[in-house]
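Asks: coords below, sequence missing:
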DNA sequence: CCAAAGTAACTGACTCGTCAGTTACTCTAG
DNA sequence: CTAGAGTAACTGACGAGTCAGTTACTTTGG
């Protein structure tokens, strides 16, 4: 039953070396926490899902919270890693946004449990608080992306740049929130084509960026 | 200590008529659930905060979940009520969005505990599931707002209208997510002027609506 | 080559604190 | 003087964390 390793032999072979077991437990815990959320997940659930006793779990992790934190940190590391790798190598801002959206959709598709865990616990300081970090990092990654070129522009006066920074800071939660919301929405509506959702998100967010760039006032309300 | 009713007398006066006590308990429970979240809130916390015994709580509400559901439903009713009242009376779409944003900022400011409760439990089907309803209602309110005028436009072909409906459906999570995210962000950054945050949200969302209206493609990436 | 000694993986059955919900009673306002 | 507002003290179940032991694997002296 060990789906992590390749051994699909049904009624046999249990014992694993420490490291491999640990990996398996982390994977199983991720799935459980993602599905049920921190509070509704019991250590016995995790143990049962790994076909292992609860006591063994406690030989690998000192507490439930410890386990959760470890799982979260792995997710944060993975996601920020992907974002840094994919987004920062883009030259153009538009491409940067496209890459960001793509990474998020990819991750949500490939690791739905991890995504569920992140979404569920993002706004809850109660446990671990490692997830808030992710939000901050996403936010700064955004802001950097928005401001990179302008910061490097010597023609821009310091005052103008400062104004831009302020606007960017306000833009971040808007873009950030819309992207996360879109990904979650898309996951719950599998009938919607991914490209449509993705494209829509890119366009939507890009408008905001464009808005920052041009800095013009809005056209008067048409009615 | 009864902040709900006006009686601020410290060490005295207890007995209340049933209905008033119930209201007080609902208010206190709202605050507790909002602050700590469902799972970390104990019935004793609520009772203590109301300066009342736990048993009394159970004379008014049959279970913890019941209490939570009742609190949630009051919030949902209040918020959707405000939105319907304020948003639907606006003629212009831009004004509709402005009203929507204003209502959300108002509510979050006036009832921070209720807002925290909503935000915390919005993505958690585990308890009550009445909060998902709010998201749906907000979503449809949005879509209706976006499409009202176009639906009424006889010059629009059915096919074009259908295309619009599809686009609108995709736009909803983006706008919805950005607005909620912005409000929450602003609550955590009290140094930021509300008007700035609010205005930014309105502009951001309106661009998306405008995008729907015109339906044009994006300008080519500038770099 | 292979027993016996050694060790790391693993478990069943517990403890102990916590918390939703109850019971049997007291008090006070009308 | 009584109905119903209120409470202190209790219970039962659940769930995190522990421990004394068992089982599978590895090593080593003969």
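Replies: Great, that's in hand. Bear in mind that the values here come from a model prediction, so they are computed numbers and not experimental data.

Asks: got the angle for the lengthiest helix in chain A vs helix B:158-188?
Replies: Assignment by DSSP state H gives helix A:158-188 as the longest helix of chain A. Here the directions of helix A:158-188 and helix B:158-188 differ by 120 degrees (axes from the mean of the first three to the mean of the last three C-alpha atoms, to 10 degrees).

Asks: hmm, helix A:158-188 touching chain B?
Replies: Yes. Interface with chain B: helix A:158-188 contributes A:167, A:170-182, A:184-186 (C-beta under 8 Å from any C-beta of the partner chain). In short, each C-beta sits where N, CA and C put it, glycine included.

Asks: residues of whichever helix or strand comes after that helix that come out buried?
Replies: Counting by DSSP states H and E, the next helix or strand C-terminal to helix A:158-188 is helix A:194-214. Buried positions in helix A:194-214, judged by neighbour count with 16 or more other C-beta atoms under 10 Å in any protein chain shown: A:197-198, A:200-212.

Asks: how much space between residue A:182 and residue B:153?
Replies: 27 Å (C-beta to C-beta, to the nearest Å).

Asks: of the two, give the one with the bigger neighbour count.
Replies: residue A:182 (29 against 12; other C-beta atoms under 10 Å in any protein chain shown).

Asks: up against DNA strand C, what does chain A have?
Replies: A:14-18, A:21, A:51-56, A:59 (C-beta under 7 Å from any atom of the strand).

Asks: go again using 10 Å as the cut-off
Replies: A:2, A:13-22, A:24-25, A:44, A:47, A:50-60 (C-beta under 10 Å from any atom of the strand).

Asks: let's see the PyMOL selection covering just the buried ones among those.
Replies: Selecting only the buried entries of the residues of chain A next to DNA strand C in PyMOL, with 16+ other C-beta under 10 Å as the criterion:
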select buried, chain A and resi 2+16+21+24+25+47+50+52+57+60
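
Asks: so residue A:201 is in contact with residue A:178, correct?
Replies: Yes. Applying C-beta atoms under 8 Å, one finds residue A:201 in contact with residue A:178, separated by 7.0 Å.

Asks: what do these two both touch?
Replies: residue B:174 (C-beta atoms under 8 Å, 6 or more residues apart in numbering or on different chains).

Asks: so in chain A, where's the weakest helix or strand by average pLDDT?
Replies: helix A:130-152 (a mean of 75; mean pLDDT, DSSP states H and E).

Asks: and the contacts of that one?
Replies: A:69, A:72-73, A:75-76, A:79-80, A:83-84, A:87, A:93, A:96-97, A:100, A:118, A:121-122, A:124-125, A:156, A:161, A:164-165, A:168-169, A:171-173, A:175-176, A:209, A:212.

Asks: counting neighbours, which bits of that helix end up buried?
Replies: Those would be A:130-131, A:134-135, A:138-139, A:141-143, A:145-147, A:150, for helix A:130-152 by 16+ other C-beta under 10 Å.

Asks: what inclination does the longest helix of chain A have with respect to helix B:130-152?
Replies: Going by the same axes, to 10 degrees, helix A:158-188 makes 100 degrees with helix B:130-152.

Asks: could you list the buried residues of helix A:158-188?
Replies: Per 16+ other C-beta under 10 Å, helix A:158-188 contains these buried residues: A:164, A:167-187.

Asks: just the angle between it and helix B:194-214, please?
Replies: Using the same axes, to 10 degrees: helix A:158-188 against helix B:194-214 is 60 degrees.

Asks: give me the most central residue, chain A.
Replies: Relative to the mean C-alpha position of chain A, the nearest C-alpha, by C-alpha atoms, centre = their mean, is the one of residue A:79, at 5.4 Å.

Asks: what's the spacing between that residue and residue A:103?
Replies: 8 Å.

Asks: residue A:160 too?
Replies: For residue A:160, the distance to residue A:103 - C-beta to C-beta - is 31 Å.

Asks: swap in residue A:36?
Replies: On the measure of C-beta to C-beta, residue A:36 and residue A:103 end up 26 Å apart.

Asks: what does residue A:18 give?
Replies: For residue A:18, the distance to residue A:103 - C-beta to C-beta - is 33 Å.

Asks: do the same with residue A:31
Replies: Residue A:31 is 21 Å from residue A:103, by C-beta to C-beta.

Asks: residue A:107 is in contact with the residue nearest to the centre of chain A, correct?
Replies: Yes. Between residue A:79 and residue A:107 a contact is recorded at 6.0 Å, counting by C-beta under 8 Å.

Asks: helix/strand/coil for residue A:51?
Replies: At residue A:51 the chain is in coil, as set by DSSP: H, G, I helix; E, B strand; the rest coil.

Asks: tell me the confidence at it?
Replies: pLDDT for residue A:51: 95.

Asks: could you do the one 5 residues further on as well?
Replies: Among the per-residue scores, residue A:56 holds a pLDDT of 97.

Asks: for residue A:201, same thing?
Replies: So residue A:201 comes in at 94 (pLDDT).

Asks: which parts of stretch A:111-129 are buried?
Replies: A:111, A:113-121, A:123-124, A:127-128.

Asks: secondary structure, pLDDT and distance to chain B added to the residues you listed, as JSON lines?
Replies: As requested, those are exported to JSON lines (DSSP: H, G, I helix; E, B strand; the rest coil; pLDDT from 0 to 100; distance: C-beta to the nearest C-beta, whole Å):
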{"residue": "A:111", "secondary structure": "coil", "pLDDT": "97", "distance to chain B": "17"}
{"residue": "A:113", "secondary structure": "helix", "pLDDT": "96", "distance to chain B": "14"}
{"residue": "A:114", "secondary structure": "helix", "pLDDT": "96", "distance to chain B": "15"}
{"residue": "A:115", "secondary structure": "helix", "pLDDT": "95", "distance to chain B": "11"}
{"residue": "A:116", "secondary structure": "helix", "pLDDT": "93", "distance to chain B": "9"}
{"residue": "A:117", "secondary structure": "helix", "pLDDT": "93", "distance to chain B": "11"}
{"residue": "A:118", "secondary structure": "helix", "pLDDT": "89", "distance to chain B": "10"}
{"residue": "A:119", "secondary structure": "helix", "pLDDT": "86", "distance to chain B": "6"}
{"residue": "A:120", "secondary structure": "helix", "pLDDT": "85", "distance to chain B": "6"}
{"residue": "A:121", "secondary structure": "helix", "pLDDT": "88", "distance to chain B": "9"}
{"residue": "A:123", "secondary structure": "coil", "pLDDT": "73", "distance to chain B": "5"}
{"residue": "A:124", "secondary structure": "coil", "pLDDT": "72", "distance to chain B": "6"}
{"residue": "A:127", "secondary structure": "coil", "pLDDT": "60", "distance to chain B": "9"}
{"residue": "A:128", "secondary structure": "coil", "pLDDT": "53", "distance to chain B": "13"}
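
Asks: all set, thanks.
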